[in-house]
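Trainee: Curious how this folds, go ahead:
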Amino acid sequence: MSQTSVPAELRLTQPGSSTGLLDVFRRRYLLSLIVRKEVGIRYRGSVLGWLWSYVKPLIQFLVFYFALGVFLRLNDSIEYYPIYLLSGITAVTFFNESFANATKSLVENAALIKKIYFPRQMFPVASTMVAAINTVPQIIVVLVIALFFGWSPSLVGVAALVLGLVIISLLATGLGLLFGAINVTFRDAQSFVEIIVMISVWASPVMYQWQMVATKVPEWLFQLYALNPITGAVELFHYGIWHALNPANAEPLPSMWFHAVIALAVSIVILIIGEIVFRRLEGRFAQDL
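Mentor: Below is the predicted model of the structure:
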């Protein structure tokens, strides 16, 4: 019997061979086990469990409202400033958690990687999925608070939020694959990632509005700033939540949807580059770990 007549799932394949990210989603059950394990570890031994995912952003909002909005009077310059700040921080926190955990994921699972073979990309992908699960309660809290101040959902606003999440997911996974693979051999990569994570909050309009950058830097530098995928994702979050409250003097990023498409394209390119580098280096993982 020729191999072509054998069902695809029963055909012999070269040991250790895979189709990369496609193989990860073909083994969805194993991926779901890893995700559930990581989520379970996060809340193991906790009395409140999942409630902490709702309590933390609520406490953040109260701190921002009184410390920054009332005491530092930032509500006077940016209306609904706590919601503006919290919606941006939610987007950046999702990126930072995904990227940082994906970079460490291979090293932290070294024992498993050295014992059996399965697509190694599963660990960075699982890290992004776990971060997404942890981000959902934060988004819910922000939306509930915004509802209290008069926010009403719209199809365009929801689309902006979803597109922002997709951009961050692709970007964080691509960078996680890239730096995660490098981190196996050169642990300095993890320290470099910590610097990127620290800068990301200030390299996008989270604490401030984009107009403050536009008035201080040359036009070409502002365009680079606007083309940063995290800037695009943060502004999509602002558009979906904060702008829906119709705050005074609110203005979306110029050509926001164009920049969002560019951010999506850049994220896809980074994902492809990350996958290529990962595939080239994964043959050394078991040895270097």
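Trainee: ok, which stretches of this protein are strands?
Mentor: Using DSSP state E, the chain contains no strands.
Trainee: Run through it and note the low-pLDDT ranges.
Mentor: 1-20, 43-50, 52-53, 286, 288-289 (pLDDT under 70).
Trainee: can you tell me which residue is nearest the centre of it?
Mentor: Phe95 (2.9 Å; CA atoms, centre = their mean).
Trainee: And for that one, nearest residue in space, chain neighbours not counted?
Mentor: Nearest residue to Phe95 in three dimensions, chain neighbours excluded: Ile168, at 4.8 Å (CB to CB, 6 or more residues apart in numbering). In this view, the C-beta of every residue, glycine as well, is placed from N, C-alpha and C.
Trainee: if I look at the one you found, how far off is Thr93?
Mentor: 10 Å (CB to CB, to the nearest Å).
Trainee: didn't Phe237 look like it was pressed against Val158?
Mentor: No - in this structure, Phe237 is not within contact of Val158 by CB atoms under 8 Å, at 11.6 Å.
Trainee: higher neighbour count, those two?
Mentor: Phe237 (30 against 11; other CB atoms under 10 Å).
Trainee: need the contact list for that one.
Mentor: Ser87, Gly88, Thr90, Ala91, Ala160, Leu161, Gly164 (CB atoms under 8 Å, 6 or more residues apart in numbering).
Trainee: Excluding residues flanking it in the chain, which one is nearest the last one?
Mentor: Distance criterion CB to CB, 6+ apart; nearest residue to Gly164, sequence neighbours excluded, is Leu236 at 3.6 Å.
Trainee: The one you found: neighbouring residues, count only.
Mentor: If we define neighbours as other CB under 10 Å, then Leu236 has 30 of them.
Trainee: again with the one 5 residues further on
Mentor: In terms of burial, Ile241 registers 26 neighbours under the definition other CB under 10 Å.
Trainee: give the contact list for the closest residue to it other than its chain neighbours.
Mentor: Nearest residue to Ile241, sequence neighbours excluded (CB to CB, 6+ apart): Ser87, at 4.3 Å. Counting by CB under 8 Å, 6+ apart, Ser87 makes contact with Val142, Ala146, Phe237, His238, Gly240, Ile241, Trp242.
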